[in-house]
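The sequence and its predicted three-dimensional model are supplied below.
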Protein chains: 2
Amino acid sequence: MATINDIAAKLGISKSTVSKGLNNATDISEEMRKKILETAVELGYVNKRLQKKEKKLCILVENMEYSTPNQFGHDIVLGFKQMAEPDGWTVDIIPITINFQKLTPYGVFMMQNGYQASYILGLSLLDPWMQEFRITKIPTVLYDNYIKENPYIASVGCDSQEGFELAVRHLMNLGHKKIGLISGPLDSYILKARYNAYINALYKYGLEVNENYIGLGYYISESTRKYIPKLLEQGVTAILFSHDVRAISAITECDDRNIRIPEDLSIIGFDDLPMTTYTAPPLTTIRQDRIALGKCGFYALSCLLNHVAIGSILLRATLVVRDSTGPTPNGSGRMRTET
Amino acid sequence: MATINDIAAKLGISKSTVSKGLNNATDISEEMRKKILETAVELGYVNKRLQKKEKKLCILVENMEYSTPNQFGHDIVLGFKQMAEPDGWTVDIIPITINFQKLTPYGVFMMQNGYQASYILGLSLLDPWMQEFRITKIPTVLYDNYIKENPYIASVGCDSQEGFELAVRHLMNLGHKKIGLISGPLDSYILKARYNAYINALYKYGLEVNENYIGLGYYISESTRKYIPKLLEQGVTAILFSHDVRAISAITECDDRNIRIPEDLSIIGFDDLPMTTYTAPPLTTIRQDRIALGKCGFYALSCLLNHVAIGSILLRATLVVRDSTGPTPNGSGRMRTET
């Protein structure tokens, strides 16, 4: 473990200057302070005084809404706090942007604010801090993201494989054989995981794996518009979606095209967003228990804070069957607009 | 949640008899007591009085030694207790056999002894209780085993995929291209997982996947004797083993055959058993941190006891490089006994 001496030696400055930098004294320059903090992070220095004083955690959020109960992040934050606060932790919720990440290294941000560990929601593989996570020594838990081989980082998420197996089995029991996938592009950890889960689930149940049954696109309504007719032409009778928002867009699209759900096409989402109960028809979907995702984020952090180097915790997925899935249409399963 | 009334109604007996059965009273027959307990388990009855009285957990062990520090299970038990006991739990360690499982259903055993939850080490897919785990409602964590879709069961283990990727990358950096696997038969969850991890790691690094590089056999020294020469004939220059005990048997076998490790053949084990430091040469192996396996067994149980339905926790694997791996032999990599 690095000491104040090590930082002083590395920068060629006095111990007292280092101490000022670490403890937010105002009589040194901001530039020097930043240099000291960055060196402290680089050397793996732990500010014990700050840590002993208060137990502080943060949830860092990007690209995810969490302020009202019907937003995806709300219950994750709530579940995390439900575990952390009774255990004596203060939890701050902080939205972060790519620009913020570019300006302030993760380690410096954490040290400046006296956070011992963080739970991170919503970052993509392209976020600047993802590079730093490979080498950070700050206990850090990522939701739906994964960093290899760093014992200070763990991953928390819902078991996509279990979820898609439940979905495919449900559809098979309804007679479906050609099952498609519409998803975002495979540039995020979780979209890759769901894509693989879809392929593996089809293999597992002996169903046809066919690239023409798959549509990947960044823009939600654009890719729905493009791929729903394309997949139906291929004889697909049921489609899995990487996220509920895509399945909900499919409901609108099918309505416009006079494709009946589930009579002509069965669809299944992923997430169980609060609004999926209110769509017409209500959406069959794979449920992520968001309160549990928050709680197990805290359990994962507890492991890391206790030097138990876990790589991942996967939460069980469950299938919530509503009305957007039904028996295969008679005959070929092709699009029928003649009703 | 079932009540004493439900049990009484189902069996057509009085509430007071049910109560006697549940609380180990001696004035009812053993047969009636067993019937009451089994019905209680079937209906999901929770004996709150017992649970409130004391916080009791058990570690159930089969096929694993744990009494002395050099045995595999010792540190797992220790790590578990290190987390559980300061948290106010009593932890009993109980060896179980297949016969014992046949005589007493898991739920009955747990209820009779007042255990709220258990951590289970060493069971195979064939153990009688594995069937019951599919439907049990008792929080149960399995080491190196997995039960699908039951929210009361979680799995804990070391990330075989991460481990074998580290091993294969290490061997590639030493020049190896043909890497074999010697493993037990694929009749256990963990052996299947390691087999898949081996295949995936080869694919990932663009190495040849060839069934002739793989030897699976139940008896350790028999399969070592059979497969080492066979794999060497195929030009394999490095072999991964599913467990250290198999790698250690390979050291003996190679010694007998005058095959030098690592000059003629590099070998890598899995587990980092205490004795691997003392083999000649000391064994390069994938480390399972057994203290951490114990601790995260407790974390997993804590999740389940708090109704956080996790499916699995995977611990990071690390590669411990000792002397049983070295650069590829010059030339074809075939067996050279002429040294």
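Happy to help now that I have it.

what bits of the stretch 51-200 of chain A have low per-residue confidence?
Scanning the stretch 51-200 of chain A for pLDDT under 70 picks out A:51-53.

Tell me which residues touch the closest residue to A:Arg287 other than its chain neighbours, please.
In this structure, A:Arg287 finds its nearest non-sequential neighbour in A:Asp272, 3.9 Å apart by C-beta to C-beta, 6 or more residues apart in numbering or on different chains. C-betas here are computed from N, CA, C, even on glycine. Residues in contact with A:Asp272 (C-beta atoms under 8 Å, 6 or more residues apart in numbering or on different chains) are A:244, A:285-288, A:320.

Keep only those of these that are in helices.
A:Asp244 (DSSP state H).

Redo the contacts of A:Asp272 as TSV? Include neighbour count and pLDDT.
Formatted as TSV, the contacts of A:Asp272 follow (neighbours: other C-beta atoms under 10 Å in any protein chain shown; pLDDT from 0 to 100):
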residue	neighbour count	pLDDT
A:Asp244	23	95
A:Thr285	31	98
A:Ile286	28	97
A:Arg287	20	96
A:Gln288	25	93
A:Val320	16	97
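
Throw the contacts of A:Asp272 into CSV and include distance to B:Ile13, thanks.
Below are these laid out as CSV (distance: C-beta to C-beta, whole Å):
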residue, distance to B:Ile13
A:Asp244, 49
A:Thr285, 44
A:Ile286, 43
A:Arg287, 40
A:Gln288, 44
A:Val320, 39
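
ok, the residue positioned nearest the centre of chain A to B:Met110 distance?
The centroid of chain A falls nearest to A:Asp144 when counting by C-alpha atoms, centre = their mean (3.2 Å). From A:Asp144 across to B:Met110, the span is 35 Å (C-beta to C-beta, to the nearest Å).

Measure how buried the closest residue to A:Gly184 other than its chain neighbours is and give me the count.
Spatial nearest neighbour of A:Gly184, chain neighbours left out: A:Leu191 (5.1 Å); criterion: C-beta to C-beta, 6+ apart. Using other C-beta atoms under 10 Å in any protein chain shown, A:Leu191 is surrounded by 20 other residues.

what do you get for A:Phe100?
Residues near A:Phe100, counting by other C-beta under 10 Å: 15.

Tell me which helix or strand A:Ala247 sits in.
helix A:244-257 (DSSP states H and E).

Now do that helix: which elements does it pack against?
Under the contact criterion of 3 or more C-beta pairs under 8 Å, 6 or more residues apart in numbering or on different chains; DSSP states H and E, helix A:244-257 touches strand A:179-183, helix A:220-233, strand A:238-241, strand A:266-271.

Determine which of these approaches chain B most closely.
strand A:266-271 (16.0 Å; C-beta to the nearest C-beta).

So for the closest one, what gets flagged as buried?
A:266-271 (16 or more other C-beta atoms under 10 Å in any protein chain shown).

Kindly report the same for stretch A:186-200.
Under the neighbour-count rule (16+ other C-beta under 10 Å), stretch A:186-200 has A:188-195, A:197-198, A:200 buried.

Check stretch A:1-9 too.
A:4, A:6-8.

Restricted to helices, list those residues.
Using DSSP H, the subset of these located in helices is A:4, A:6-8.

re earlier: tell me what angle the helix holding A:Ala247 forms with helix A:220-233.
60 degrees (axes from the mean of the first three to the mean of the last three C-alpha atoms, to 10 degrees).

rewinding a little: measure the residue nearest to A:Arg287 to A:Leu283 for me?
Distance, A:Asp272 to A:Leu283, using C-beta to C-beta: 8 Å.

what's the overlap in contacts for these two?
Joint contacts of A:Asp272 and A:Leu283 (C-beta under 8 Å, 6+ apart) are A:Asp244.

Which residues are in contact with the closest residue to A:Thr3 other than its chain neighbours?
Closest residue in space to A:Thr3, ignoring its immediate chain neighbours: A:Tyr45 at 7.3 Å, by C-beta to C-beta, 6+ apart. When contacts are counted by C-beta under 8 Å, 6+ apart, A:Tyr45 touches A:1-4, A:6-7, A:22.

Can you verify A:Phe109 is assigned to a helix?
Yes - the assignment for A:Phe109 by DSSP: H, G, I helix; E, B strand; the rest coil puts it in a helix.

ok, which residues in the stretch 51-200 of chain A are in contact with chain B?
In this structure, the stretch 51-200 of chain A approaches chain B at residues A:83, A:148-149, A:151, A:159, A:162, A:166, judged by C-beta under 8 Å from any C-beta of the partner chain.
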